[in-house]
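Q: task: produce atomic coordinates for the following.
(chains A, B and C)
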Amino acid sequence: MKLMTCPVNGTRPVSEFVYWGEIRPMPDPDACSDDEWAAYVFNRNGAPGVKKEWWCHTPSNTWFIAERDTEKDFVLRTYLYGDDR
Amino acid sequence: MKRLPAMPDEWIDRSTVVRFRFEGSAFEGLAGDSISSALWAAGQRALGRSFKYHRVRGILSAANHDVNVMLQDGPRLNTRGDVIALRDGMDLTAVNTFGGVAHDRARVLGLFARFLPVGFYYKAFHSKRLFPAWERMFRRITGLGVLDFDTPHVRTPKRYDFCDVLVIGAGPSGLSAALAAADAGAKVVIVDENAHAGGSGLFQLGGDAARREHTRALLQRVTAHSRIRLLEGTCAGAYYADNWVPLIDAERMTKMRAAAVVVASGAFEQPAVFRNNDLPGVMNGSAMQRLIYRYAVLPAQRSVVLAANADGYRVALDLLAAGGEVAAVLDLRADVPASPQLDALRSRGVELLAGHAVYEAHADGRGALAGVTVCRIDAAGKVVAGSQRRIECDGLAMSTGWSPAANLLYQAGTKMRFDDGLQQFVPDVLPQGVFACGRVNGAYRIESRIADGRRAGAAAAAHTGFPSAIDAVIQPETESPSHAWPIVAHPDGKNFVDFDEDLQVKDFENAVQEGYDNIELMKRFSTVGMGPSQGKHSNMTALRILARLTGKSPQQVGTTTARPFFHPVPLSHLAGRGFSPQRQSPLHGRHAKLGAVFMQAGAWERPAYYAVEGRTATDCVRAEVARVRSAVGLIDVGTLGKLEVRGPQAAEFLNRVYTGRYDNMKVGSTRYAVMCDDSGVLADEGVVARVADDVFYFTTTSSGSATVYRELSRLNTEWRLDCGLVNLTGAYSAMNLAGPASRAVLATLTDMDLSSAAFPYLAVRSGLVAGVPVRMMRVGFVGEWGYEIHVPAEYGPVLWDLLMKAGEASGIGAFGVEAQRLLRLEKGHLIVSQDTDGLTHPFEVGMDWAVKLDKPFFTGQRSLKIIRKLPLKRKLVGFMLPANHLGQVPQECHLIIGDGDIIGRVTSISWSPNVGRHIGLAFVPPEMTAPGTALSIRVTDGTMVPAEVCTTPFFDPTDARQKEAT
Amino acid sequence: MNAVLRISPLFDVQAPLARDWTTRERMQVVARFGADEAARRANAGIGDRSFLQRAGVKGAGAAAWLNAQGIDTPAQPNSFLQLADGTLVARLGLTEYLIEDAPGGTRTAALMAQPPGERVYPVPRFDAALELTGTQIPELLRQTCAFDFSTLAAPALVMTSMVGVGVTALTLDSAEGPVVRLWCDGTWGGYLWLTLVEVAGDLGGGAVGVEA
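A: Numbering: from 1, shown residues only, chains lettered A, B, ... in the order given. Next comes the predicted model:
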């Protein structure tokens, strides 16, 4: 069972977490084309590589960001949203 | 029962005799015996029958690397004789026989071997007409035991455990690794699947008792070390991500999390391949050594040893030391290097035959080994014609090579490479935190194994934060521990490679001829390695054969991967206690006392209805419905998600997450709320109550509460609006007092002004009811004057009791989920995820009024703007069956058919006592939504049921029930 | 409201097993479950502290607001402290606090009567609160939770998952040795209590009452 590290609560089995998906910037809903909007809503980046993802530690309801290499199955670091200096 | 004189590390307890039965006969063994060793000691040679040809089998590995000795002990299946300890009263039978081991009727299959080549079943049994008959035959013939359906249901609790370094295998290299890691400061757990630690260090002795000392000294230090826990009889069953290893013992599974893992699991001896190499009496050299040193059993009176390395010579010396006769030692190699073992054997007068192999083994009348025909082989391994010679013997020790027990290394993602010198796969690239040592790592000399263990243990400890300076110099091997081609061809075959599956050399030739010439295809077509021992004794040999047949090197052929579990694991271990989290309302006990029949609603238990003596379920539900419509009922709605958002930007937050506007709500009012996802699909719904300027209390569906709270938390983490979210789902109890008499009942308990001027429909008010602080909303879900009362959970039961008491005079009764669903259906209210699906958007279900597309932003807004411009594909409408409808009644998800096509489906349907007909909601094409439109509903058996579209609500269309009676 | 009886989240599951009841902090609590409570407590006692008064608060302004009311707050996230009068102040994560009165305490009532300040969000709670005592508790925790409790030492606390439900846990010293305090949402509490009592039973322990 893989381990994941919550920046506030520490390293735990991945069963204590929920994965939301990759951070995807929302295009301006008032300005973008229908196609651009549909791509945002329905398409996901399937390429392997390092992705910034939303994860939640459910016992504490802590949302954070994980930088995860989906090709090597390795988490580089985790931090609270906005803390990625 | 004859035993050898006491062996220094023997496992048996000679003072305790164990009585058991095997195949209907009584036997005696000793405590500490395995079943195989006890039977062999008693002179029993036929221990089982093989899977396909039902050939007589004896001991092969004595280590559970084969399942020649697979037994059933009463109802206990999968009793593997090599490793299951003997117990008083065992009643054992061999599996897979028809009439017992001695007279197995299915042995006749051996005569039809010509017609049962590899993969024969793919070609012979494909006729559909005959298949049910073939299937029945196969099920009868190929079982490995008989299930007793009265077997008691055993649960064994699992547990977790933690350590810095987990060492798998307590042979010489594992013990050495454990000590190095613990000396560096790490907390070490070392496990060994055998009943006692020491591994081959305590039985590959070559007649030299001093050789044990290497291992005994390590073992003594390990048991005394304060930072090492030694777990014997414990198998590391698999490797899962991040060093998560299940440890299986006789009683339970322990889920061990280690910071580093050292795999010191050793190697599986591979049987040599020659005709009749499966006769009882032919066994691995290490099997003979286990019998001698663990169980004090002489494997045979007169043995021939087939060797190709120093291990084989040690087997011969161990046999001599135990008092057995060694008629000859054959060496596959033409040039045998000098060694002390060679000299010792020469001095004992043992005939040494270099460049020789076993051509064929011969059985006596009972089917056990009586002699072997040996022959010379040339440099390419081919038999030299005319060189055959017979030697009488009742034992043949095969010691020609090894395969690394690398299963867990494969599971961890290790890249292995084939080492030509060692003739073995060894780890090439190990994953982070995983280390290997000893024979699995290609180190065979005892000094090398111990040094390699020190190196690996120190490296593992360093990885977990305990560095140490250990200089381990590992000498390279001087001879190959494994022979490249221990296989002798024979025109009459029966030279077995995989003993579990009865696969002989020509089966591999046939498979390659048919085109299955890749290791993965070869495995699946021939089933090599797919039996209960999963290739432990056969995979390397099969690989060598495939390599030669295809002209490739073993490196090019590659290996198949290994998957959990390493050895069979009882289902009771995997089941554990079986935790099933259950959520219960604070009013649960009240419901139980009232005779509630509970149902699962997600994680919650809710009353479906309240049972009344002598009444059917349907009648109970209808009575509850009638009571709400005519008097007053009380329902527990505490499973609703209850959230609070508070702060200067609370309204802004709600405006963004719901489709409606909330900033313009008056304090004290409520508003229905619909939540969509990014694509505009209905995700959740509830009611928002503004209890203060900057405080909103809002509900979600019962099944959505956790996910909605979590997602809203994420959104505010991103948006950072000046507000905070609190989840009150478990902290608040909620109940709905509904019916024409509800106000009168409530009025007896409170001073709050309940007039419709002071407390209009859809308002929210706070106050005290019988001294309990409450927040109440007048909502319309069931379509009656009523109050949804929210109260801190600790006061819920008290309030429930007071309301039930106060309502007695009015005929109050509790009502459950089934009644509620019918009541809301009569009002045409939808239930998200019952009347909506994964594609339903608000415009399909008549919720245009709830969607404020002119707001600055809300989740799903852009998508809904796009959808709004597109033609509708379907609409949710009300429908009714004809009055006095007889015959089948459709159910939810039955389809609506038009012109032979599916054009819609039923989402809700029920008999309505207040309307007098069956009513429901359904998706229909937009052109069929006019009231009166005829519908055809197809029930399960194909019958079509007529219905017609109608307006909703079905009952009280003007909501008169919410207005003051005039 | 002072007269209104509070229900324990564990009442329904305890009722079939309880022998004697009593009242603490206006909540019915089991006084005794059976005859061998001392032995159970020494092995693996599952005690009930749900009756203690509790309040929760969170938000960026929560710490300052609590301090202004005379309630000290822990400096480290996921840690706790006890005030001189026995009030327990637990810092859950970064900005959420659980305050639990000592028996007879009135801090939480006073707290909830205060209007919340800016960026202060009250968190009403209905906890099932348990107290685990005895020599077999480490084994019980090993059978129910994947967190290594041997690494948990006061003043740290942990939020994790036990037998499938979210719990907050910490260890305290007491006259009888180390004690583990657990809190979980009351609607999961019945299931948690029943499960832990079953596991404790296998270890020579079980439910213990307040007057054991």
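Q: remind me which helix or strand the closest residue to B:Gly395 other than its chain neighbours belongs to.
A: In this structure, B:Gly395 finds its nearest non-sequential neighbour in B:Ala300, 2.3 Å apart by CB to CB, 6 or more residues apart in numbering or on different chains. Quick note: C-beta positions are derived from backbone N, CA and C, even for glycine. B:Ala300 is part of no helix or strand when elements are defined by DSSP states H and E.
Q: quick one, helices of chain A?
A: A:34-42 (DSSP state H).
Q: could you pull out the strands in it for me?
A: Shown for chain A, the strands assigned by DSSP state E span residues A:3-6, A:10-13, A:17-22, A:50-57, A:62-69, A:74-79.
Q: name the nearest residue to C:Asn78, ignoring sequence neighbours.
A: Using CB to CB, 6+ apart, the nearest residue to C:Asn78 is C:Leu157, at 5.5 Å.
Q: partner residues bridging B:His790?
A: B:Ala734, B:Arg775 (DSSP bridges).
Q: how about B:Val188: which residues does it bridge to?
A: Applying DSSP bridges, one finds that B:Val188 bridges with B:Val165, B:Ile228.
Q: for it, which residues are in contact?
A: Shown in contact with B:Val188 (CB atoms under 8 Å, 6 or more residues apart in numbering or on different chains): B:163-167, B:178, B:181-182, B:225, B:227-229.
Q: rerun that using 7 Å as the cut-off
A: B:163-165, B:167, B:178, B:181-182, B:227-228 (CB atoms under 7 Å, 6 or more residues apart in numbering or on different chains).
Q: the residue nearest to B:Gly395 touches B:Met283, doesn't it?
A: No. Counting by CB atoms under 7 Å, B:Met283 is not a contact partner of B:Ala300; they are 8.7 Å apart.
Q: for chain C, see how far away the residue nearest to B:Gly199 when sequence neighbours are not counted is.
A: In this structure, B:Gly199 finds its nearest non-sequential neighbour in B:Gly171, 2.5 Å apart by CB to CB, 6+ apart. According to CB to the nearest CB, to the nearest Å, B:Gly171 stands 28 Å off from chain C.
Q: distance-wise, check B:Gly171 relative to B:Ser448.
A: 13 Å (CB to CB, to the nearest Å).
Q: okay, now the unreliable bits of chain A?
A: Counting by pLDDT under 70, chain A contains low-confidence ranges at A:85.
Q: so where's chain B shaky on pLDDT?
A: Ranges of chain B meeting pLDDT under 70: B:1, B:965-966.
Q: what's in contact with the helix of greatest length in chain B?
A: Identified as the longest helix of chain B according to DSSP H is helix B:446-463. With contacts defined as CB under 7 Å, 6+ apart, helix B:446-463 is touched by B:165, B:172-181, B:184-186, B:214, B:260, B:262, B:264, B:433, B:435-439, B:441, B:443, B:468, B:470, B:472-475.
Q: restricted to helices, list those.
A: Per DSSP H, these map to helices at B:172-181, B:214.
Q: report the two of these separated the most.
A: B:Ala181 and B:His214 (18.7 Å; CB to CB).
Q: neighbour count for the two, which is higher?
A: B:Ala181 (37 against 18; other CB atoms under 10 Å in any protein chain shown).
Q: before we move on, back to that, what sits against the residue nearest to B:Gly395?
A: B:281, B:324, B:393-395.
Q: and it, what are its phi and psi?
A: phi -160, psi 150 (degrees, to the nearest 10).
Q: give me the number of residues near B:Val924?
A: By other CB under 10 Å, neighbour count at B:Val924 equals 20.
Q: typed the wrong thing, it's B:Thr215
A: B:Thr215, neighbours per other CB under 10 Å, totals 27.
Q: that older thread, JSON lines please, covering the strands of chain A and showing mean neighbour count and distance to chain B.
A: JSON lines is the format used below for these (neighbours: other CB atoms under 10 Å in any protein chain shown; distance: least, CB to the nearest CB, whole Å):
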{"stretch": "strand A:3-6", "mean neighbour count": "20", "distance to chain B": "4"}
{"stretch": "strand A:10-13", "mean neighbour count": "18", "distance to chain B": "8"}
{"stretch": "strand A:17-22", "mean neighbour count": "15", "distance to chain B": "7"}
{"stretch": "strand A:50-57", "mean neighbour count": "19", "distance to chain B": "6"}
{"stretch": "strand A:62-69", "mean neighbour count": "19", "distance to chain B": "5"}
{"stretch": "strand A:74-79", "mean neighbour count": "15", "distance to chain B": "9"}
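Q: looking at those, which is nearest to chain C?
A: strand A:10-13 (5.1 Å; CB to the nearest CB).
Q: direction included, what does that closest one pair up with?
A: strand A:3-6 (antiparallel).
Q: run through the residues that contact the spatially most central residue of chain A.
A: With distances taken as CA atoms, centre = their mean, A:Glu53 lies nearest the centre of chain A, 1.1 Å away. Residues near A:Glu53 by CB under 7 Å, 6+ apart: A:19, A:21-23, A:65-66, A:68.
Q: out of the residues you listed, who's nearest B:His885?
A: A:Gly21 (48.1 Å).
Q: can I assume the closest one is in contact with A:Trp54?
A: Yes. Assessed by CB under 7 Å, A:Gly21 is found in contact with A:Trp54 at 6.3 Å.
Q: hmm, back to that, let me know the closest of the ones in helices among the contacts of helix B:446-463 to B:Phe698.
A: So of the ones in helices among the contacts of helix B:446-463, ranked by how close each gets to B:Phe698 (CB to CB), first place is B:Ala181, at 55.7 Å.
Q: let me see the contact set for that closest one.
A: Contacts of B:Ala181 (CB under 7 Å, 6+ apart): B:165, B:188, B:457-458, B:460-461.
Q: and those, which two are the farthest apart?
A: Farthest pair in these, by CB to CB: B:Val188 and B:Ala458, 11.9 Å.
Q: near chain A, which residues of chain C?
A: C:77-78, C:92-94, C:146, C:159-161, C:166 (CB under 7 Å from any CB of the partner chain).
Q: can you report how many residues lie near A:Arg24?
A: There are 15 residues near A:Arg24, going by other CB under 10 Å.
Q: likewise for the one 3 residues further on?
A: The burial count assigned to A:Pro27 is 14, neighbours taken as other CB under 10 Å.
Q: quick revisit: widest-spaced pair of the contacts of B:Ala300?
A: Across the contacts of B:Ala300 (CB to CB), the longest gap, 12.3 Å, separates B:Gly281 and B:Gly324.
Q: which one of those two has more residues nearby?
A: Between B:Gly281 and B:Gly324, B:Gly281 has the larger neighbour count (other CB under 10 Å), namely 25 against 20.
Q: which residues in chain C form strands?
A: C:20-24, C:27-32, C:45-48, C:54-58, C:79-82, C:88-92, C:96-100, C:121-123, C:127-133, C:157-162, C:165-174, C:177-185, C:206-207.
Q: list the contacts of B:Ser339.
A: Counting by CB under 7 Å, 6+ apart, the residues that B:Ser339 touches are B:310, B:313.
Q: and the longest helix along chain C, what does it pack onto?
A: Using DSSP H, we find that the single longest helix of chain C is helix C:186-202. Helix C:186-202 sits against strand B:583-584, helix C:11-14, strand C:45-48, strand C:127-133, helix C:137-144, strand C:165-174, strand C:206-207, with contacts defined as 3 or more CB pairs under 7 Å, 6 or more residues apart in numbering or on different chains; DSSP states H and E.
Q: change it to 8 Å
A: strand B:583-584, helix C:11-14, helix C:37-44, strand C:45-48, strand C:127-133, helix C:137-144, strand C:165-174, strand C:206-207 (3 or more CB pairs under 8 Å, 6 or more residues apart in numbering or on different chains; DSSP states H and E).
Q: tabulate the ones you listed (a markdown table), appending distance to B:Phe815 and mean neighbour count.
A: Conversion of the helices and strands packed on helix C:186-202 to a markdown table gives the following (distance: least, CB to CB, whole Å; neighbours: other CB atoms under 10 Å in any protein chain shown):
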| stretch | distance to B:Phe815 | mean neighbour count |
| --- | --- | --- |
| strand B:583-584 | 19 | 24 |
| helix C:11-14 | 20 | 23 |
| helix C:37-44 | 41 | 20 |
| strand C:45-48 | 32 | 26 |
| strand C:127-133 | 28 | 24 |
| helix C:137-144 | 37 | 22 |
| strand C:165-174 | 29 | 18 |
| strand C:206-207 | 34 | 26 |
